[in-house]
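> Task: produce atomic coordinates for the following.
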Amino acid sequence: MDLKKLSVFLKENGIPAFRLNQVRDAVYKRFAGSWDEITALPAGLRERLRHGIFVHSVELLETQVSKKRDAIKFCFGLKDGLRIETVLLKLLADKWSLCVSTQAGCPVRCPFCATGRKGLKRNLSPDEITDQFLAAAHYLKAKGGEQKIGSVIFMGMGEPFLNYDSVAEAVRTMADPELIGLGQRHISVSTAGHVPGIRRFARDFPQCNLAVSLHAAEDALRGDLVPLNRTYPLSQLSKALKDYIFSTKRRVFVEYVLLEGVNNSRSQAARLNAWLRTVAAPKYFVVNIIPYNRTGGPYKAPTRERVQLFAGLLEAAGLEVTVRKSLGEDIAGACGQLAGK
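This is a model prediction of the structure:
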């Protein structure tokens, strides 16, 4: 919701300022999804607002629920006709995590990612990012029960740090106790290695979580898998992460999509361990291994045994490792599969 636009509308029409607080609480605390649900407002005012201001800047076009009911994918339409996707993930029994998009498409163009193959259409506004949360929370509320969104992951469509200002405003809205009120430690932002963004993020949000999509620890291979590496090679990324850890004292989550025959060899595991140690001690990293999710193209996922072998090599080197469950793969909602279809 565009609270600034609403504030101007109310002021220009001589409507008392307390109405703004009523709307804010209804939308951001009780997750109202339409003006008709905000019954504290007079019917006449609701009718006027309906024709001038949107409760949500995104329109829910389609919802898909995975067979195991541990992932829910939303396709949202934007006002200019573009589409984005957002996914609720059941990572904990009693709370959902929401994976939000920050761009329509993505300019980084990682070849194994469905979003990257679309290219960039445009950046999302702060409201378009935040309203993904509000619309998803409204969906859960409408379904009944007490389940809520406990954390947000900026890991959907797009490279967050190439839309830094909008992402920063959305993070502030989500963390603002007067609005959504998530703790900053329940907010994670993932980057493909945008060095200036990492430095700004360390200054602006030292309590939020930083994730880096690494996928390879040598420049030649990483340049193929993550084209942004050609602009910010591993030497620059290493220095930025070193400074980030020094200033925040926070751990970094290292995302590593495992591709059979590409980046899952013993030598690649050794390179990853060695590179991370040039940045900081192992205690400052959590390596999240993500077995490749099908997006078309020549890539294949390793067998479960090969995944465990790679993870075991890193663990034997003293690193903390998790193997990501591919929630929502049957609805094309898993990591790398979002395409705004």
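
> elements contacting the strand or helix carrying Thr173?
Secondary structure from DSSP states H and E places Thr173 in helix 164-175. For helix 164-175, the contact count by 3 or more CB pairs under 8 Å, 6 or more residues apart in numbering; DSSP states H and E identifies helix 126-142, strand 148-154, strand 187-191, helix 195-204 as packing neighbours. For glycine as for every other residue, the C-beta is placed from the backbone atoms N, C-alpha and C.

> Reformat these into TSV and put distance to Asp70 and mean pLDDT next to each item.
Putting the helices and strands packed on helix 164-175 into TSV (distance: least, CB to CB, whole Å; pLDDT from 0 to 100) gives the following:
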stretch	distance to Asp70	mean pLDDT
helix 126-142	14	95
strand 148-154	14	95
strand 187-191	19	97
helix 195-204	29	98
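
> Return the distance of the helix or strand encompassing Gln64 from the chain's centre.
Element membership of Gln64 [criterion: DSSP H and E] is strand 59-65. In terms of CA atoms, centre = their mean, to the nearest Å, the centre of strand 59-65 is set 18 Å apart from its chain centre.

> Just the angle for whichever helix or strand comes after it relative to strand 59-65, thanks.
Next helix or strand after strand 59-65 toward the C-terminus (DSSP H and E): strand 71-77. Interaxial angle, strand 71-77 versus strand 59-65 (axes from the mean of the first three to the mean of the last three CA atoms, to 10 degrees): 160 degrees.

> Between the two ends of stretch 171-179, what distance do you get?
11 Å (CA to CA, to the nearest Å).

> Now do that stretch: everything it contacts.
24, 28, 126, 130, 133, 152, 154, 180-184, 187, 189, 205, 208 (CB atoms under 8 Å, 6 or more residues apart in numbering).

> Make a ChimeraX selection of the buried ones in the residues you listed.
ChimeraX command restricting the contacts of stretch 171-179 to the buried ones, with burial defined by 16 or more other CB atoms under 10 Å:
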select :24,28,126,130,133,152,154,180,182,187,189,205,208
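
> Show me which of the contacts of stretch 171-179 is closest to Tyr299.
Nearest to Tyr299 out of the contacts of stretch 171-179 is Phe154 (CB to CB; 24.1 Å).

> which residues does Phe154 contact?
100, 102, 160, 167, 171, 187-190.

> what do you get if the cut-off is 7 Å, keeping everything else the same?
100, 102, 160, 167, 188-190 (CB atoms under 7 Å, 6 or more residues apart in numbering).

> Which two among those residues are spaced furthest apart?
Thr102 and Ser188 (12.6 Å).

> And those two? Which one has more around it.
The neighbour comparison of Thr102 against Ser188 (other CB atoms under 10 Å) goes to Thr102, with 27 against 18.

> which secondary element of the chain has the worst mean pLDDT?
Here the helix or strand of the chain ranked lowest by mean pLDDT, DSSP states H and E is helix 114-118, holding a mean of 84.

> what sits up against the next helix or strand after that helix?
Scanning forward in sequence from helix 114-118 by DSSP H and E, the next helix or strand is strand 120-123. Where contact means CB under 7 Å, 6+ apart, the residues beyond strand 120-123 that reach it are 82, 103-107, 163, 166.

> one more time with 10 Å
78, 80-84, 102-109, 128-129, 157-159, 162-167, 340 (CB atoms under 10 Å, 6 or more residues apart in numbering).

> How about stretch 270-281?
214-218, 221-222, 234-235, 237-246, 251-252, 254, 256, 263, 265, 282, 284-285, 287, 310, 313-314, 316-319.

> if I look at Ala32, how far off is Glu218?
Using CB to CB, to the nearest Å, one gets 51 Å for the distance from Ala32 to Glu218.

> rewinding a little: for the contacts of Phe154, which one is nearest Leu45?
Nearest member of these to Leu45, counting by CB to CB, is Val100, at 30.6 Å.

> Give the closest residue to that closest one in space, chain neighbours not counted.
Nearest residue to Val100, sequence neighbours excluded (CB to CB, 6 or more residues apart in numbering): Gln132, at 4.7 Å.

> quick one, what contacts the one you found?
56-58, 74, 76, 84-87, 98-102, 124, 152, 156, 170.

> How about Ser267?
Contacts of Ser267 (CB under 10 Å, 6+ apart): Glu218.

> how many neighbours does Val323 have?
Val323: 16 neighbours (other CB under 10 Å).
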